[in-house]
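In: Provided below are the primary sequence and the corresponding predicted coordinates.
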2 protein chains.
Amino acid sequence: MGETLKVAVKIMPRPEALDPQGRAVHGALKKLGFTVDDCRVGKIVILEINEDVAASAILKAQQMAEKLLYNPLIETFEVYAL
Amino acid sequence: MGETLKVAVKIMPRPEALDPQGRAVHGALKKLGFTVDDCRVGKIVILEINEDVAASAILKAQQMAEKLLYNPLIETFEVYAL
């Protein structure tokens, strides 16, 4: 029962980690004539969670991120309600 | 010269498009005992753009998204300043 809440888990490569996808996009943008100082590519996972309370949905999403979605060696994540 | 502004381009699969990555994550979460109603996986591109005015940086990022970053057949995007 209850409401369904949408929660986003945003996963980015750590600043010190290589980001081959970001470098590829950076290079491709340059070739197209766009100048950017930096470019990082991350993932975003939008979860619909059956919870009434935003704080509970966020906590669940945090657990999912820690168990499955992100790699702590090379990534950081943040969770927020949508 | 001027400031560097950070702009995010969030790219999501269209609601009507298949999202194999989202389905895979959904299945993996279920196996771990997490219940979610839906799960969609998108990309986020963080651009550092040498612009003083947020509106100009956002406009540039929009052009980059349209020229390179997103596939209009299967994806939607939104741009926002960070």
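Out: Cool, the structure landed. Numbers count the residues shown, from 1 in each chain, chains lettered A, B, ... in the order given.

In: what bridges to the residue positioned nearest the centre of chain A?
Out: Central residue of chain A (CA atoms, centre = their mean): A:K10, 1.9 Å from the mean position. Going by DSSP bridges, A:K10 is paired in beta bridges with A:I44, A:E78.

In: does it really touch A:E75, like I thought?
Out: No: assessed by CB atoms under 8 Å, A:K10 is found out of contact with A:E75, at 10.2 Å. Any C-beta I mention is one placed from the backbone N, CA and C, and that applies to glycine too.

In: Common neighbours of these two, please.
Out: A:G42 (CB atoms under 8 Å, 6 or more residues apart in numbering or on different chains).

In: Check the gap between A:N71 and B:Q63 for me.
Out: For A:N71, the distance to B:Q63 equals 32 Å [CB to CB, to the nearest Å].

In: ok, those two, which is more surrounded?
Out: Neighbour tally, A:N71 and B:Q63, criterion other CB atoms under 10 Å in any protein chain shown: the higher count belongs to B:Q63, 15 against 12.

In: What average pLDDT does the helix or strand where that one lies get?
Out: Using DSSP states H and E, B:Q63 sits within helix B:54-64. Confidence for helix B:54-64, expressed as mean pLDDT, is 97.

In: now swap in stretch A:10-27 and tell me
Out: Mean per-residue pLDDT for stretch A:10-27: 96.

In: Give the closest residue to A:L82 in space, chain neighbours not counted.
Out: A:K6 (4.1 Å; CB to CB, 6 or more residues apart in numbering or on different chains).

In: what's the answer for A:I74, then?
Out: Nearest one to A:I74, counting by CB to CB, 6+ apart, is A:A17 at 4.3 Å.

In: same check, this time on A:A28
Out: B:L68 (5.8 Å).

In: Report how many residues lie close to that neighbour.
Out: Count around B:L68 with other CB under 10 Å applied: 15.

In: hang on, isn't it packed against A:K30?
Out: No: B:L68 is beyond contact range of A:K30, at 10.7 Å (criterion: CB under 8 Å).

In: So which residues on chain A come close to chain B?
Out: A:4, A:10, A:12, A:22, A:25, A:28-29, A:32, A:34-50, A:60, A:63-64, A:67-69 (CB under 8 Å from any CB of the partner chain).

In: 7 Å instead, please
Out: If contact is defined as CB under 7 Å from any CB of the partner chain, the residues of chain A in contact with chain B are A:4, A:10, A:25, A:28-29, A:32, A:34-50, A:60, A:64, A:67-68.
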